[in-house]
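Visitor: Could you work out the structure for the sequence below:
(chains A and B)
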Amino acid sequence: MNAKFTRDPALLVGADRIHSSVYTDPEIFERELNLIFGRSWFFVAHESEIPQPGDFKTDQLGRWRFLLVRHRDRGIRLFHNVCRHRGALLCHENYGNTQVFKCMYHGWTFATDGSVQGVPMREQMRDLDVQTHGLVPIPRVDSYQGFIFASLASAGESLRDYLGGAKRYLDLMVERAPEGRIVAVKPVQYHYRGNWKLQLENYSDNYHPAVLHHSVLSTGAKMLKEKFGENPIGAKSNARYEERVLGHGHSIADYHGGRGALWMNAYDDEYLQMMTERVGMERAMELRDSDIHLIIYPNLLVHVRMNHYRVIKPVSVDQTVVNTYPCKLVGASKRVNDALISNTSHHVSAAGEVQVDDLQAFNWLQEGLASGALEWIPFKLYGEDEHTEMEGECVSFGTSEGAIRGQYREWTRLMSATADESLSAPNHDPAYRW
Amino acid sequence: MTTLQRQHEIEQFLYHEAWLLEQRRFDEWLNLLTEDILYWIPNLGESGDLGDDAVIVYENFAALKARAIRSLDPSNPTQMPPPRTKYFITNVTITGESEGLIRVRSSMLLYVLRRSGLETHPISCEHRLRSTRDGLQIAFKKVYLISNNQPLSPLPLI
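Guide: Numbers count the residues shown, from 1 in each chain, chains lettered A, B, ... in the order given. A predicted model of the protein is given here:
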């Protein structure tokens, strides 16, 4: 059974069902690294993480080690975090500021644009062209609203085309700041024993909260009722939960007020006033009240209200790390920003009170799926009034698994054996080297 | 009270706190906290103020009470089954006393046993204790996990 499936991953995904090996087969995981993360755009960082020339950040994703740096010209460069000499990990700090990266094995040094600065005993090297021995760059790096994405493939569609309809939700994320900018705070980090796609699915899954998060909802509701009476969060009873599948695996879930005042403690009158001055009262309230989960395939989750983004980092078929970056709204008061950070921490940190429930579920899923008891996993939940809008966006109302189905359409497209062969092995692409 | 008696009293207090947590007597643990307690698990380093940095936990009494209730709620997925914990406390040092608060530094080795295995968390703890009619109470607790710059799996009430 498995041998047949691994030859053509497209057979592992139907329109509304997924073969369980998609979560558990290490060979499929390797293919995902090569064919999804290896050639699609993936999220790297927000520009505010490295604001000054010389600021750098290192990160890892699967087997890759990245070094993101802001050069003197303020441009952003992304390299493999590997010394061009013998291949040792180059920079060992998560964040910092430097003028030069020095390999601590033989002392080769590199400037923040990746060029070789110094090679000890260079005069004794034969046939070494230092010009071609700079840091290995990631072929394509681009950003939108400060969100930096990269692609390990040297050719392919532009970032803007790839983001498509997701762009307007990144616009929204920054438009909510009184000065139209956000600043990311260094992340809280969690890991779980489970496949990376479980987190992606979970973020667009409105089917689970009433069950899995029952104890949070009941404790929270009880405490709020004690304090504020019935319907303490002011949830709109006529709110229609909207799901919008944006293509390329991207999607949003818009709660449209259905979660009432949840996390609204962060936004005060002063904030609303500042926003009103900028965009008018009506738009200011709209922006303040937004409550949207945005997924940008394959590794970025954005929370428009709690105000954070999360980066999914696959480690192996059953190990995943997720980093959560609370975002400050530039121009808003310290009180507002402290509350935003505190809300995110309370929700998402390893000692938080909501995401940990999901991590427990991921453990259960991975253990159960790895047992091999099930072959096909159904995703057959549909919302109401499903219809297609501009640019092929599929909209529906109420709880649905449409976003998950959308993720697997993109998965199938990228994993398909008939895909462009020139993109299928990024590590052997000649343009990939200097 | 002599220095030795004070040291003994504080050590006994910390052992008692740990015992309550191990025994999952969270209601009794809440009784050890002052109403104005600040409970803080910093992220990425030993300090880092909220606002400049994210936090793992930064909570007041009401939020801790909600946590205690949830930790005993049988419908809480993270408590299926409840993790078993064991605390080892050492290096207890009284570092100062001001504004009615005794500042205490200690080292803690916390073992957490879950279905997925046994985890070890080396921790630096800072307590600020207030002497009340009911004995010592915790007005401030900072739990510095030396692994707080790494991805963490879910933590119990510490």
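Visitor: Enumerate the residues of chain B near chain A.
Guide: With the criterion set to Cβ under 8 Å from any Cβ of the partner chain, chain B comes near chain A through B:41, B:43-44, B:50-59, B:62-63, B:66-67, B:69-70, B:73, B:75-78, B:80, B:115-116, B:149-155, B:158. Heads up, the C-betas are built off the backbone N, CA and C, glycines and all.
Visitor: can you tell me which of these are in strands?
Guide: B:41, B:55-59 (DSSP state E).
Visitor: returning to that earlier point: is it possible to mark the buried ones in the residues of chain B next to chain A?
Guide: B:41, B:43-44, B:50-51, B:53-59, B:63, B:66-67, B:69-70, B:73, B:75-78, B:151-155, B:158 (16 or more other Cβ atoms under 10 Å in any protein chain shown).
Visitor: Helices of chain B, start to end?
Guide: Taking DSSP state H as the criterion, chain B contains helices spanning B:3-22, B:26-31, B:61-71.
Visitor: Just say which of those helices is most tucked in.
Guide: helix B:61-71 (a mean of 18; mean count of other Cβ atoms under 10 Å in any protein chain shown).
Visitor: now it: how far from the chain's centre is it?
Guide: Distance of helix B:61-71 from its chain centroid, counting by Cα atoms, centre = their mean, to the nearest Å, is 13 Å.
Visitor: Please report the distance of the nearest residue to B:I10 once chain neighbours are set aside from B:L38.
Guide: Counting by Cβ to Cβ, 6 or more residues apart in numbering or on different chains, the nearest residue to B:I10 once its immediate chain neighbours are dropped is B:V104, at 5.7 Å. If you measure B:V104 against B:L38 using Cβ to Cβ, to the nearest Å, the figure is 15 Å.
Visitor: hang on, A:S345 is in a strand, isn't it?
Guide: No - applying DSSP: H, G, I helix; E, B strand; the rest coil, one finds A:S345 to be helix, outside a strand.
Visitor: List, one by one, the residues from the stretch 1-150 of chain A near chain B.
Guide: A:N94.
Visitor: In stretch A:370-380, which of the residues would be classed as buried?
Guide: So for stretch A:370-380, counting by 16+ other Cβ under 10 Å, buried means A:370, A:379.
Visitor: same question, stretch B:110-123
Guide: So, applying 16+ other Cβ under 10 Å, buried residues of stretch B:110-123: B:110, B:112, B:114, B:119, B:121, B:123.
Visitor: In strands only, show me those.
Guide: B:110, B:112, B:114, B:119, B:121, B:123.
Visitor: For the residues you listed, work out which two are farthest apart.
Guide: Farthest apart among those by Cβ to Cβ are B:R114 and B:I123. That separation is 17.5 Å.
Visitor: still on that earlier bit, between B:V104 and B:L38, who's got more neighbours?
Guide: Higher neighbour count among B:V104 and B:L38: B:V104, with 24 against 15, using other Cβ atoms under 10 Å in any protein chain shown.
Visitor: Next one: the more buried one, what pLDDT does it get?
Guide: Here the pLDDT value assigned to B:V104 is 98.
Visitor: Repeat that for B:E59.
Guide: With respect to pLDDT, B:E59 scores 92.
Visitor: Write down the beta-bridge partners of it, one by one.
Guide: Counting by DSSP bridges, B:E59 is bridged to B:Y39.
Visitor: likewise A:I76?
Guide: Here A:I76, judged by DSSP bridges, has bridge partners A:R70.
Visitor: Could you check the pLDDT of it?
Guide: A:I76 is given a pLDDT of 97.
Visitor: residues near it, how many?
Guide: Per other Cβ under 10 Å, the neighbour tally for A:I76 reads 19.
Visitor: you'd agree it is up against A:I148?
Guide: Yes - counting by Cβ atoms under 8 Å, A:I76 touches A:I148, with 6.3 Å between them.
Visitor: shared neighbours of the two, which are they?
Guide: Jointly contacting A:I76 and A:I148 under the rule Cβ atoms under 8 Å, 6 or more residues apart in numbering or on different chains are A:47, A:68, A:141.
Visitor: Out of these, the closest to B:F13 would be?
Guide: A:L68 (47.1 Å).
Visitor: Would you tell me what helix or strand that closest one is located in?
Guide: When elements are assigned from DSSP states H and E, A:L68 belongs to strand A:64-70.
Visitor: ok, residues contacting that strand?
Guide: Here strand A:64-70 has contacts from A:37, A:44-45, A:49-60, A:76-82, A:89-91, A:101, A:112, A:135, A:138, A:148, A:150, A:152, using Cβ under 8 Å, 6+ apart.
Visitor: let's go with 6 Å and repeat that
Guide: A:45, A:50, A:53, A:55-59, A:76-79, A:81, A:91, A:112 (Cβ atoms under 6 Å, 6 or more residues apart in numbering or on different chains).
Visitor: Select from those residues every entry located in strands.
Guide: Among the contacts of strand A:64-70, the members that lie in strands (by DSSP E) are A:45, A:55-59, A:76-79.
Visitor: mind checking how far the longest strand belonging to chain A is from the chain centre?
Guide: Scanning chain A for the strand with the most residues, using DSSP E, yields strand A:319-329. Taking Cα atoms, centre = their mean, one finds the center of strand A:319-329 at 8 Å from the center of the full chain.
Visitor: need the contact list for the residue nearest to A:V130 when sequence neighbours are not counted.
Guide: Among residues not flanking A:V130 along the chain, A:V116 sits closest, at 4.5 Å (Cβ to Cβ, 6+ apart). A:V116 is in contact with A:130, A:133-134, counting by Cβ under 6 Å, 6+ apart.
Visitor: again, but for B:E126
Guide: Neighbouring residues of B:E126 by Cβ under 6 Å, 6+ apart: B:105, B:142.
Visitor: And it, what's its pLDDT?
Guide: With respect to pLDDT, B:E126 scores 96.
Visitor: where does chain A have low pLDDT?
Guide: Across chain A, the ranges flagged by pLDDT under 70 are A:1-7, A:224, A:227-234, A:417-434.
Visitor: What's opposite the nearest residue to A:G406 once chain neighbours are set aside in the beta bridge?
Guide: Nearest residue to A:G406, sequence neighbours excluded (Cβ to Cβ, 6+ apart): A:V245, at 3.9 Å. Beta-bridge partners recorded for A:V245 (DSSP bridges): A:S251, A:C394.
Visitor: gap between A:V245 and B:I69?
Guide: From A:V245 to B:I69 the distance is 38 Å (Cβ to Cβ).
Visitor: can you check B:N91 too?
Guide: Distance, B:N91 to B:I69, using Cβ to Cβ: 32 Å.
Visitor: can you pull the contacts of residue 113?
Guide: All of this is about chain A. Contacts of A:D113 (Cβ under 6 Å, 6+ apart): A:H71.
Visitor: Wait, chain B was what I had in mind.
Guide: B:R84.
Visitor: what are the bridge partners for it, then?
Guide: B:R84, B:L118.
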